[in-house]
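>>> what follows is a predicted structure for the sequence shown.
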Amino acid sequence: MSKQLFANEKVVTQYLGALLSDDEPTKDLEPVAKLLEQVTYEEQKEQPVIVEPVVEVEKLNKQVSNVEIDTHQEQHVVPEQEVVVGGEADYFDGEFQALFFEVAGLTLAVPLKALGGIHELGEVNHLFGKPKWFKGVMINREEKLNVVDTARWVMPEKYDEQLEASLNYQYLITLGDSQWGLLAEKLINNITLSKEDVKWRTNNSKRPWLAGVIKEKMCALIDVNNLNGLLEKGLDSRHK
């Protein structure tokens with residue numbers, strides 16, 4: 001699969017709709033997966049491969065206002081620290097701001113109030129005996145950050161060698177007060193949203209990491225508290 005996986009608006013609409021569905025996720029995603037394969041094949045025939053230049057940090061600081069990107073990296077290893085997940089926050093009440101970022105062509109959003117920080121991706125030390133989506137740890141100012149392969153975690157049913165080779169992660173977005181961080185290829189912007197802008201997940205037992213879908217932008221809004229809980233248990237997006 002190519003990085004243009006979700007370039008087709010109809011495909012991303014159906015995919016996100018399937019994630020929010022009350023039916024079994026696998027059954028819902030089967031027709032969508034076939035459509036994704038078809039669209040990907042057509043795009044590979046019709047469109048040349050375009051390599052986007054690396055966005056400078058100074059430019060990103062202008063695009064993503066009120067969000068500080070940490071460029072300071074330490075390369076030494078410190079003893080492992082216990083992960084502490086922040087308490088429940090009412091970051092969806094009233095109007096709230098969300099940071100939009102891109103992974104494998106899929107746009108994700110995280111509420112700014114639940115955002116720990118944004119770091120340029122540095123050296124990642126790999127660990128044995130961890131889930132495949134756990135890339136390793138990155139040292140930042142003597143803090144050990146757990147690095148999550150976002151594409152593999154969010155959509156394991158579509159993750160293959162071709163998609164893995166196409167990924168170009170640039171940033172690590174940390175979640176709340178925890179040491180967990182999601183890898184991102186591109187930071188888009190931050191937007192003020194209201195509850196009416198979101199189609200909320202209604203079934204609390206399915207995909208708890210997905211708070212809902214932002215209608216106009218057709219992107220997944222992350223529930224940071226629930227996501228942290230799944231990561232702590234070593235579970236990916238398919239688990240409850």
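It's in. Numbering: from 1, shown residues only.
>>> residues near residue 144, how many?
Per other Cβ atoms under 10 Å, the neighbour tally for residue 144 reads 16. Every C-beta, even on glycine, is put in place using the N, C-alpha and C of the backbone.
>>> correct me, but it touches residue 179?
Yes - if you go by Cβ atoms under 8 Å, residue 144 and residue 179 touch, sitting 6.1 Å apart.
>>> pull the helix or strand with minimum mean pLDDT from the protein.
helix 25-46 (a mean of 43; mean pLDDT, DSSP states H and E).
>>> what stretches of the chain score poorly on pLDDT?
Residues of the chain meeting the criterion pLDDT under 70: 1-90, 203-205, 240.
>>> ok, which stretches of it are strands?
Along the chain, the stretches classed as strands by DSSP state E are 69-70, 96-103, 106-111, 115-120, 124-125, 134-140, 143-148, 171-175, 180-184, 186-193, 198-200, 210-214, 219-222.
>>> and the ones you listed as a markdown table, adding distance to residue 237?
As requested, those are exported to a markdown table (distance: least, Cβ to Cβ, whole Å):
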| stretch | distance to residue 237 |
| --- | --- |
| strand 69-70 | 26 |
| strand 96-103 | 12 |
| strand 106-111 | 11 |
| strand 115-120 | 19 |
| strand 124-125 | 21 |
| strand 134-140 | 14 |
| strand 143-148 | 11 |
| strand 171-175 | 14 |
| strand 180-184 | 12 |
| strand 186-193 | 20 |
| strand 198-200 | 17 |
| strand 210-214 | 8 |
| strand 219-222 | 10 |
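>>> of all those, which lies closest to residue 238?
Closest approach to residue 238 among these is made by strand 210-214 (11.4 Å; Cβ to Cβ).
>>> for that closest one, packing partners?
On a contact count with 3 or more Cβ pairs under 8 Å, 6 or more residues apart in numbering; DSSP states H and E, strand 210-214 meets helix 9-20, strand 198-200, strand 219-222.
>>> which residues touch the last one?
The list of residues contacting strand 219-222 from outside it, by Cβ atoms under 8 Å, 6 or more residues apart in numbering, reads 16, 19, 98, 100, 106-111, 154, 198, 209-214.
>>> please redo it, this time with the cut-off set to 10 Å
6, 12, 15-16, 19-20, 92, 96, 98-102, 106-111, 114, 154, 173, 175, 182, 188, 193, 197-201, 207, 209-214, 237 (Cβ atoms under 10 Å, 6 or more residues apart in numbering).
>>> buried only: go through these for me.
Buried residues within the contacts of strand 219-222, counting neighbours by 16 or more other Cβ atoms under 10 Å: 6, 12, 15-16, 19-20, 92, 96, 98-102, 106-111, 114, 154, 173, 175, 182, 188, 193, 197-198, 201, 207, 209-214, 237.
>>> can you pull the contacts of residue 110?
Residue 110 neighbours (Cβ under 10 Å, 6+ apart): 91, 98-101, 116, 173-176, 182, 184, 190, 211, 220-224, 227.
>>> do that again at 6 Å, thanks
Listed by Cβ atoms under 6 Å, 6 or more residues apart in numbering, the contact set of residue 110 reads 99, 222.
>>> from residue 221, how far off is it?
Here residue 110 is placed at a distance of 8 Å from residue 221 (Cβ to Cβ, to the nearest Å).
>>> got it, and residue 91?
11 Å.
>>> compare those two and say which is more crowded by neighbours.
Taking neighbours as other Cβ under 10 Å, residue 91 and residue 221 compare with residue 221 leading, 25 against 20.
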